[in-house]
Structure formats: C-alpha cells, structure tokens
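Q: Sequence isn't available, so here's the structure alone:
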C-alpha cells in the first residue's frame, strides 16, 4: 500500500472560481444557445434598422425580440427570486395577477366606455391604481403564506384559479380597446427611439432592485428567513413580515409587467394574457442556480436566467416549432439546463475532474 | 502478525477546501471493545466517523472489516457491512412513528406487515426500557427519547460496529446510565463500539481504549488504565494543561448589593411554554444561572426573559425602568443578548457566511435601511474571528461547514458584537471540546469583571459552580430555590433539585 501524500490543491484558479460562481450557470446556458444559433443559422444575430407602420425608425431582429419580450419575464424574476428566497416556495398566480392588474389598468383608463376616444385618467394615475391592486393581491397571497403558513404553491393556487375570472369581472367581461397611440409606447416604441421601451423599463427595474439590495438589508433578511426562520426570529427579525413583504414586492413587479403586456395590445384578452408566464419566471429563478427551497439567492443570475428562457422561446419559434408543441420542446431543453445546474451534477463532475487529475498525478509519481 | 481486529482503518486522508481534515489517521477496533474517540473540535473525529459511514469518501487510505478490505461509498454500504451510527443530532424522521423510524429503509420486501412491525418495535422498546409507544409520532417524544430510539434502531440492525457520536449530550444522568447498561450488554455480545463524547467522566466509566486525534492527525491509542485524565486532556490540547482548576482560583465574589437598581428585573414572568410565574433579577457584573434537570424549565425561563416565547404575564424592569419585551427585538434594543440552547435550530443560519452570521444581530438592531458596508462587516468579522480564535477558512465560509465549537463561537461573537449589558448563555458549552469550554468559561468571567451581567446555563453542574455566584434551582417548571455563597456545592444543588425528599 503506497501512501502518497495527496496535497489538497487550491481551488483551480480563475476557471475554478468562475465555475463555482452561481452566475456561471445562466451565462453558460446563454452561450450554449448562442453557439447553437451561430452554427445552425447565423441570421439569428442579424439586427436591421427599419421603419415601423407609424414611420418611426426601429431596430428589429431576433436579439431585439429577446430583449423586448424577455423584459416582463426579467421583471417578474426579480419578485419571484425574493419570494423563493424568503418563503421557500413559488407564486404560481403571477399570470392571473397580471390579468387582474391589466384589467384594472384598462378599467381606470376607460371608465365605463370600452372604446374611449380620450383617456379618462392619465396613464400615470391608472398605473398607480394598478400597482395598488396588484400589491393588494400580493399581500393576500403573502398573508396566506406568512401568517397562515400555507405552502406557497397551494396558497397561490387560489388566485391562479380565480384570477382570470376576477380580471374579466372588473371590466364586466368586455374587452376595452385604447386607441390613443401614446398608450402603446410602454409596450412598443417611443417615436425616435429604435430600442423597444419594455427593455428600458426592465433596465429601470433592475437598477431599482440593485439599489434596494445595496442600500437596504432586504437581501440579508430574506436569505436569513429563508434559511432558518426560528434563528432569524431570535435575532430580532420578523419572519412573517419579511415573507409577506416579498409577496408585496412581487405584486409590484406584476403591476409593471401588466402595464407592458396591456400596452403591447392596447387591449386585453383575459384568458390568454401572460399565460404560463409564472412557469417561465420560476424557471428563470431555477436556471439562475437559486435553490427553489429558499435561502441564498443571486439576483443577477435570475435576471440573466429570464433572458435565457426568452432566448430559448425565440429560438424555438425561429425554427418554426408550432406554438402548441413549444412547451414540449422547451421542457426538454429546460430539463437539460436544470440538471446541469443542479449542485449534485456539478459536484459529481468536479469530483470526476479531480479524479482524472489525481490519476494523472499518480501516473507521474 | 496476530490480528484480531474487528475494524481497521489505515492511513486515512480527507481534505476539504482549505482544510486538511484527516492526515494519515489509523484506527483499530477489537470485538467487544468500547473505544473512545477523543479530540478537540475540528480534530477530525466527526470527519473520521463520516468517512467510516460513507457520508464522505476518503481521499486515500484503507478500511477493513473482519480482515477484509471494504469499500464504503454510502451510508447504505456501511449499514450492509454492519456499521451503524447514532449521531449527535437526531437523524430520524420526526413525522413518522417510532416503529416506522426503527424499521425504515431496512426491509427488502414490497409489503410491510404493519402489525408485526409495531409489535416488534413495542417489544424492543420494552426490553430497552424506552418510555415510548411504537405507534407514537417520533416528533412528540422528548429529544432524549428520540436519541434512544435512534440507538434502538442501530442495535436492532445486528451491527458489528456501533458508532455513538455524542449520544449523551442531551440525556440526563439516569438516561446515560441506561445507555451505558445497553452498551455493556452489546459489548458482551461482541459488538465493537466507537464512542465519541466530550464528557471525560463517561469515557473513564465505560471505555476500554482511547484513541486521540488532534488537528486531523493521530496522537495515539491508549489503554484506559495507562492514561490518567490530566494526560488525556493535555494530549487533546497538545500542551500541558494548567488545568481547569485555573478558573477555580478566581474567586466567585458575590456582587455586593449596593442598593442600585438591578440591570434586569422580572416579576411574575410566565410564558406560553408552561413555566410557573417566576421572579428574577441580576445585578451589574453578576454571573448567575438556572439549574435543574432536563425539562425542568430553565431554558423556558430565559426564553421568556428574551421574549423568545410569548410572554403572558409579568412585569420587566431594565435598569429600574419598566420596559415591555414582547419579542426578541425588544429585548435586543434593551441591551439583552441570548445565545440559544439549540445551536443548529435556533442559532446558526447555515448557508450564510461566518461574516453574515456574526453581524446579523447588530445589523438587525441598526435597521433595515442602514446596511453595513462590506468593509465594516469584514472588520467586525475579522475582529471577532481573531478575538475568539474561530477556526474558519475565511469569513466567507458558510457557517454550516465549521465544527460545532466554532459555530458556537460565531454565535457568541454575534452577541458580543451588540455589546449587551445583559447576556444570556443557554448551554454554550454543549457538544464542545474541553479547550473551548474552558475558553468560554474564562470569557464569561472576564466579561462579568468588565461589568456585563450574565446568565449562564449548563447541564454540567461543575461548570456552573465554577462560573456562577448565584444559582436559581428549578424543578418541574417551577423555581424551587436559590443558592449562593457557601451553599454553592454539588450536594446542596442536588438536594434542592430533589426537594430535600430524596435522601
């Protein structure tokens, strides 16, 4: 029996550090998708400047579509990450909540007239009301989870089921249409600016959450509560309030996403708007390498994760996958991504790499 | 070479990022032997056990059982090889019944005969004198009983090697004796037992041999009769110990009642946890303690003081002024700190870094909108890592990867950082090595001499005698007496706990 003194190697330098970093997961997934597109059809990367139907210069191309459509998802991923971290569960009602918030927005803008020539209230005011309503529903979910200790997915199942009928009821099941072209700016383009507005809104949200995480203890508190509630309480935190708060913040994200969604159509379709977006938002969090069981999180990874999910959707569309079959294809890709990002898999891989290295060393000795 | 070793571990190596946990460690166990594995926190005891039970894979080395080399890659492998473990922390499922816990994961059959299982469990519980019903939900049993069920499970698995990792830390004396009886019985049957504990008395009571580890290396294997206690301690610490009596020489001066208001005073305090209303006070620079048997309510008392349980009656005064303490943050704002009894459940925030764990309480007091800068947080962490000599790879290391004693030091650092007037330490020395125990006791006395008031709770009476100048004795969730000065003796405490009726 030979006793080789195996010195523990210091964690393989820069590459090792990068590999350990959580943000590596969504970035690797993104690079993989980009590489795939580059090989199969480089036209994916083409961006053209053209004029839209109103005669304004706009950028178009698949990458722009991703930035555009990924915006709502990124905004929702922010709230979903916080909810996941603090409560150890997910909110599956965000799609339905977007329907409610969007419906509220239209109701306030249009009043009782479903085809108004002029808006009854400024968009700003309507948006505030929309925020309050969305946050109220977030608070409802939050109360069920934090105070009544209902499992988050079960608690939000209530709103998931009821949300779209509530949304329809708000406008008496009518479909208001807004003709004011200015309302379309939020989900489309502002004349003269060729980059889609939703992207700017998403960037603004990212900046806000970055500042909030930097200048408050939201990050530390949500993580502490998510990891050990009892211990957090004994350190003076109020776990119930913090969990509840994350749901309210998610409500705010829902309101912003609803503004974009409704603005895109200048109308609403209660049963289709933001359908299944909750699943994409949860996937974004998971793809960001965040534990869905709560605890530590990495906000940047979630946000990048959201754009990767959108990139996947857009790529599939580009290859003419019929929209009915889309979820199935998506599922396959998602399984691969999530398995790769699972700690078990990564540990095994790094263990394998170590063994290979050790075998080499032994060969030398 | 004559070889009648049941279990042999040779040249075991195991390292983690930044730590060499085990280096060239040998360990031999004979049939029918109770073998103590001793060492300070971080000496590598737990790692060795986990390598042996397949929780960790060894980097290098050889394990053989009955003279044949075995490969252990998972706890299942270990179980099949006949190695069973009872860990310090309960690793059973609290939501299952006692019987289910005993038999879970052991049947190869598709069908489970529930009645037979329950009957078997009932019989075993009776034979081992464990006060639990087979069909009772495990979570409803006391920690001590849960521990015994875990042992029953291991015993029932006809193991060749039984590993007991700190099994006695939550048991009272009677239960410990029962456990020792069980161990001797198993020894007669030829089972080899590896016994990991911090209680020196217990080692000398039941063990045949001692293997000492230090800093991941083997110090040596000794026959129990060849190794006096003092030498064992010095081998564990790696230096000649100026003995625990060092602390003794420091006089426990009772704090003079100078007529000033006590730092903390409670009257008729009671919480939802069922303690009888009690009065309590502590003066500046005083160290007092709650003592009593397990479950006598000593922890519940301090939890009521800190507002950790819901307080239902009583008035509380801080520095003579009436204050309201409904929840922990109220207590913290009044300068009270509380190191909880159960480190894992109530103390550490496992996935967070050592730094975040240290600053947490102070950060919460400072407020939601005023986070410490990275530099400030780092300074705080580095200061206390140094001051309490916390062994960690860095301040960024998740606290859960530290050894128990070092985790405890982090929690202690967390509260010291808030500079409390009044600090409550509930079992700060549980599951901690001798060296750190002494450190903590010395620290308590030093803090008190600097004017901090401290309530100290420990299951080990001699620790309390060494540190406290006044003891509040509890029985059946009721304060039954108070001892100070000359009354502070082991006998007197025992008598008070027993209520004078027991001899």
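A: That came through, no problem. Owing to the predicted nature of the structure, the values given are computational and were not obtained by experimental measurement.
Q: tell me the domain ranges of chain B?
A: B:5-243, B:244-335+B:422-503, B:342-419 (automatic domain parsing).
Q: chain center to the last one, what's the gap?
A: When distances are taken as C-alpha atoms, centre = their mean, to the nearest Å, domain B:342-419 is centred 19 Å away from the chain's centroid.
Q: quick one: residue A:302 and chain B, what's the gap?
A: Residue A:302 sits 17 Å away from chain B, going by C-beta to the nearest C-beta, to the nearest Å. Where C-beta positions appear, they are placed from N, C-alpha and C, glycine not excepted.
Q: How many neighbouring residues does that residue have?
A: When counting by other C-beta atoms under 10 Å in any protein chain shown, one arrives at 31 neighbours for residue A:302.
Q: Can you say which helix or strand has it in it?
A: helix A:299-318 (DSSP states H and E).
Q: Quick one: list the elements packing against the next helix or strand after that helix.
A: Following helix A:299-318 in sequence order, the next helix or strand is helix A:326-341 (DSSP H and E). Here helix A:326-341 touches helix A:24-40, helix A:277-287, helix A:299-318, going by 3 or more C-beta pairs under 8 Å, 6 or more residues apart in numbering or on different chains; DSSP states H and E.
Q: Would you mind getting the angle between helix A:326-341 and helix A:277-287?
A: Counting by axes from the mean of the first three to the mean of the last three C-alpha atoms, to 10 degrees, helix A:326-341 lies at 20 degrees to helix A:277-287.
Q: what sits up against helix A:326-341?
A: A:25, A:28-29, A:276, A:283, A:286-287, A:289, A:308, A:312-313, A:316-317, A:321, A:345-346 (C-beta atoms under 8 Å, 6 or more residues apart in numbering or on different chains).
Q: Taking those, tell me the two that lie furthest apart.
A: A:317 and A:346 (30.4 Å; C-beta to C-beta).
Q: got TSV for the domains of chain B, with distance to residue A:352 too?
A: Output for the domains of chain B, formatted as TSV (distance: least, C-beta to C-beta, whole Å):
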stretch	distance to residue A:352
domain B:5-243	13
domain B:244-335+B:422-503	35
domain B:342-419	22
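Q: For residue A:250, find the nearest of those domains.
A: domain B:342-419 (18.2 Å).
Q: what about the closest one, how long is it end to end?
A: 22 Å (C-alpha to C-alpha, to the nearest Å).
Q: Please see if that domain touches chain A.
A: Yes - Domain B:342-419 reaches chain A (C-beta under 8 Å from any C-beta of the partner chain) through B:345-352, B:356, B:360-361, B:363-365, B:367-371, B:414.
Q: Sort out which of those residues are in strands and list them.
A: In strands, judged by DSSP state E, none of these are found.
Q: Can you turn the buried part of the residues you listed into a ChimeraX selection?
A: The ChimeraX selection below is limited to those of these classed as buried (16 or more other C-beta atoms under 10 Å in any protein chain shown):
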select /B:346,347,348,349,350,351,352,356,360,361,363,364,365,371,414
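Q: quick one: stretch A:70-78 to chain centroid distance?
A: For stretch A:70-78, the distance to the chain centre is 4 Å (C-alpha atoms, centre = their mean).
Q: Show me what the mean pLDDT comes to for it.
A: Computed over stretch A:70-78, the mean pLDDT rounds to 96.
Q: from memory residue A:72 sits against residue A:259, does it?
A: No - with contacts counted by C-beta atoms under 8 Å, residue A:72 stays clear of residue A:259, the gap being 9.4 Å.
Q: neighbour-wise, which of these two wins?
A: residue A:72 (30 against 27).
Q: name the helices or strands packed onto the helix or strand harbouring residue B:202?
A: Assigned by DSSP H and E, residue B:202 belongs to helix B:200-206. Counting contacts by 3+ C-beta pairs under 8 Å, 6+ apart, helix B:200-206 is packed against strand B:34-38, helix B:173-188, strand B:192-196, helix B:229-237.
Q: after it comes which helix or strand?
A: Following helix B:200-206 in sequence, per DSSP H and E, is strand B:209-214.
Q: which is the next helix or strand following that next one?
A: In N-to-C order, the element after strand B:209-214 by DSSP H and E is strand B:217-223.
Q: how far out from the middle of the chain is that next one?
A: Relative to its parent chain, strand B:217-223 has a centroid offset of 24 Å by C-alpha atoms, centre = their mean.
Q: Low-confidence bits of chain A, can you list those?
A: Scanning chain A for pLDDT under 70 picks out A:1-20, A:337, A:341, A:358-365.
Q: What parts of the stretch 201-350 of chain B come near chain A?
A: Checking the stretch 201-350 of chain B against chain A by C-beta under 8 Å from any C-beta, the hits are B:306, B:308, B:327-329, B:332, B:338, B:340, B:345-350.
Q: What is the nearest of these to residue A:125?
A: Among these, and counting by C-beta to C-beta, the member closest to residue A:125 is residue B:329, at 37.8 Å.
Q: Any idea how many residues pack against the closest one?
A: A count of nearby residues for residue B:329, using other C-beta under 10 Å, gives 19.
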